[in-house]
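1. sequence below, structure please.
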Amino acid sequence: QVQLVESGGGLVQAGDSLRLSCAASGRTFSNYAMGWFRQAPGKERDVVAAISWSGSRTLYADSVKGRFTISRDNAKKAVYLQMNNLKPEDAAVYYCAAAPTTFTTQLTAYPYWGQGTQVTVSA
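-> Now for the predicted structure:
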């Protein structure tokens with residue numbers, strides 16, 4: 001069992017930056033792939049970025065490539081999402097998730113989820 005708590009969301013203007021954090025507790029954090037997903041009103045929850053258990057592999061949605069960076073600190077049991085040059089279309093609830101595998105971007109492979117943190121971007 002893994003418990004996840006996100007933080008760092010808020011209201012920003014287009015072009016601003018935010019850093020989301022996800023604190024994990026429970027079983028060995030380094031055994032889990034981690035992902036950030038987001039869900040806007042009326043839309044499906046989609047992957048934003050994923051990182052392997054070791055941190056050596058990452059993958060980003062096309063819409064955020066070059067602007068967002070996912071990272072993790074296994075010693076601190078934390079994963080981060082640095083979001084730069086935010087756009088209004090980035091507004092959503094952002095979720096941190098953990099999967100007991102080396103790496104995956106499949107939403108259904110993630111059994112553990114945080115409660116989400118709201119990101120709002122004004123034009």
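2. so what's the residue most central in space within the chain bridging to?
-> The centre of the chain sits closest to Trp36, judged by C-alpha atoms, centre = their mean, with a distance of 2.1 Å. Counting by DSSP bridges, Trp36 is bridged to Ala49, Cys96.
3. I'd say Pro88 and Ser122 touch.
-> Yes: under the criterion of C-beta atoms under 8 Å, Pro88 makes contact with Ser122 at 7.1 Å. Every C-beta, even on glycine, is put in place using the N, C-alpha and C of the backbone.
4. what's the overlap in contacts for the two?
-> Counting by C-beta atoms under 8 Å, 6 or more residues apart in numbering, the contacts common to Pro88 and Ser122 are Ala14.
5. neighbours of Ile51, just the number please.
-> 23 (other C-beta atoms under 10 Å).
6. for it, what are its contacts?
-> Contacts of Ile51 (C-beta under 8 Å, 6+ apart): 33-35, 57-58, 70-72, 79, 103.
7. do Thr101 as well
-> Taking C-beta under 8 Å, 6+ apart, one finds 32-33, 53, 109 in contact with Thr101.
8. what segments of this structure are strands?
-> 2-7, 10-13, 18-26, 33-39, 46-51, 58-60, 68-73, 78-83, 92-99, 112-113, 117-122 (DSSP state E).
9. turn those into JSON lines, columns for mean pLDDT.
-> Listed next are the strands of the chain as JSON lines, based on pLDDT from 0 to 100:
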{"stretch": "strand 2-7", "mean pLDDT": "96"}
{"stretch": "strand 10-13", "mean pLDDT": "98"}
{"stretch": "strand 18-26", "mean pLDDT": "95"}
{"stretch": "strand 33-39", "mean pLDDT": "98"}
{"stretch": "strand 46-51", "mean pLDDT": "98"}
{"stretch": "strand 58-60", "mean pLDDT": "98"}
{"stretch": "strand 68-73", "mean pLDDT": "98"}
{"stretch": "strand 78-83", "mean pLDDT": "98"}
{"stretch": "strand 92-99", "mean pLDDT": "98"}
{"stretch": "strand 112-113", "mean pLDDT": "97"}
{"stretch": "strand 117-122", "mean pLDDT": "98"}
